[in-house]
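In: predicted model follows, preceded by the sequence.
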Amino acid sequence: MKNGLGIAIILLVTIFSGVGKALQKPRGVSLEILTQSLVIDVRSKEEYVSGHYPNAVNIPLDTIQQEILRLKADKRPIVVICRSGRRAENAVAILKKNGIPAINGINQKNLESIK
């Protein structure tokens, strides 16, 4: 539990330090945080089916608002990705507006570069 609290603190510091800016590298997203996170891919279902980050959940941007209650119940850190980072940034804004901390992970390639 102590480790989980540390991860939550790192996540909150990361979120409030401006990491969620579109098209920036997802600084502060360590491999440890990433492996414990819920990764949400907000691209369309067609884009998701064509290839996606391992274990990422597809919640298209236009449906994210409908998933707020479910996402609030999931206590894992949330990292949001898309193709370029723009839709992920919009999704992060929606999540934050609803009291759900989230990080813009930009895209699959950025997450795969985290070691």
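Out: Perfect, thanks for sending it.
In: switch to C-alpha atoms for all contacts and neighbour counts from now on
Out: OK.
In: so which residues of this protein form helices?
Out: 2-16, 31-36, 45-49, 68-73, 86-97, 108-112 (DSSP state H).
In: lowest mean pLDDT across these, which one is that?
Out: The stretch with the lowest mean pLDDT among these is helix 2-16, which comes in at a mean of 55.
In: tell me, what residue is most central in this protein?
Out: Ranked by distance to the mean C-alpha position of the chain (CA atoms, centre = their mean), the top residue is V79 at 1.5 Å.
In: ok, now which ones touch it?
Out: Residues near V79 by CA atoms under 8 Å, 6 or more residues apart in numbering: 34, 37-40, 102-105.
In: hmm, try it at 7 Å
Out: With contacts defined as CA atoms under 7 Å, 6 or more residues apart in numbering, the neighbours of V79 are 37-40, 102-105.
In: looking at those, which is nearest A73?
Out: Lowest distance from A73 to the contacts of V79 (CA to CA) belongs to L38, with 11.9 Å.
In: separation between the closest residue to the closest one other than its chain neighbours and A56?
Out: Using CA to CA, 6 or more residues apart in numbering and skipping residues adjacent in sequence, the residue nearest L38 is I78, 4.9 Å away. Taking CA to CA, to the nearest Å as the measure, I78 falls 11 Å from A56.
In: still on that earlier bit, just the pLDDT at the residue nearest to the centre of the chain, thanks.
Out: Reported pLDDT at V79 in the predicted model: 92.
In: bridge partners for it, pull those for me.
Out: When bridges are taken as DSSP bridges, the partners of V79 come out as V39, I103.
In: that one and G99: what is the separation?
Out: Counting by CA to CA, the separation of V79 from G99 is 15 Å.
In: let me know how buried K96 is, in neighbour terms.
Out: 14 (other CA atoms under 10 Å).
In: I should have written Y53 there, sorry.
Out: Once other CA under 10 Å is used to define contacts, Y53 is seen to have 17 neighbours.
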